[in-house]
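Engineer: got a structure for you, letters missing:
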């Protein structure tokens, strides 16, 4: 019974189910007795279970009212704490805003000072750039003039070297052509001499063969060949 009281409505439901398993499902009429009054010894078990069920429901209702009061007190305490924290945060927020405004003004002043200094530096740099540009233009013109003169000199030297190389190549080809002509003449002479020697050898062999086979025709053949 103490476990059923401590467990609340769930324990009461479990107890009701456990009690109903061992009994039939007959409807027990209400006795109309006081819920706080203990049952008489002659009451059945279902009546006893209903009695303690009423007690548990009463305890649950009291517990619910207590929880509602505790919840209400807690909500009021939370609201008070929230208001206090909100007020503190608002004060801190205002202080932070003032600090931010001050820092913003200081930053704006510093930026203005930096802007003026930067403008002065830009003007000085622009003047220096113009000076350096004038110097650079003078140097470039001098380099261009020197390069033009050097280019003319190099062009003349290149022309002279080209002409000299052309003459040298012409002399080389002329010498090679003369050598080729001489070599060709010598080769033609050697070929002619060799051919004449071969012809003479063949003629001698042929005459020798005719002399050995037909000596009577030798004079006639020699006359035809016009050989002395």
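Structural biologist: That came through, no problem. Owing to the predicted nature of the structure, the values given are computational and were not obtained by experimental measurement.

Engineer: report the distance from the host helix or strand of residue 199 to the chain centre.
Structural biologist: Per DSSP states H and E: residue 199 is located in helix 45-213. In this view, helix 45-213 has its centroid 14 Å away from the chain centroid, taken as Cα atoms, centre = their mean, to the nearest Å.

Engineer: show me what it is packed up against.
Structural biologist: Contact partners of helix 45-213 among helices and strands, from 3 or more Cβ pairs under 8 Å, 6 or more residues apart in numbering; DSSP states H and E: helix 2-21, helix 218-225. In short, each C-beta sits where N, CA and C put it, glycine included.

Engineer: of those, which shows the lowest average pLDDT?
Structural biologist: Mean pLDDT across the helices and strands packed on helix 45-213 is lowest at helix 2-21; the value there is a mean of 39.

Engineer: same question for the helix holding residue 199, mean pLDDT?
Structural biologist: Throughout helix 45-213, pLDDT has a mean value of 88.

Engineer: around residue 57, how many other residues sit close by?
Structural biologist: One way to gauge burial is a neighbour count; for residue 57, by other Cβ atoms under 10 Å, it gives 14.

Engineer: and it, how far from residue 50?
Structural biologist: Taken as Cβ to Cβ, to the nearest Å, the spacing of residue 57 relative to residue 50 amounts to 10 Å.

Engineer: what do you get for residue 111?
Structural biologist: Shown here: residue 111 relative to residue 50, a distance of 85 Å by Cβ to Cβ.

Engineer: more crowded one of the two?
Structural biologist: When neighbours are counted by other Cβ under 10 Å, residue 50 comes out ahead of the other of residue 111 and residue 50, with 19 against 11.

Engineer: mind checking how far that one is from residue 154?
Structural biologist: From residue 50 to residue 154 the distance is 129 Å (Cβ to Cβ).

Engineer: ok, now residue 188?
Structural biologist: From residue 188 over to residue 154 the distance is 50 Å, taken as Cβ to Cβ.
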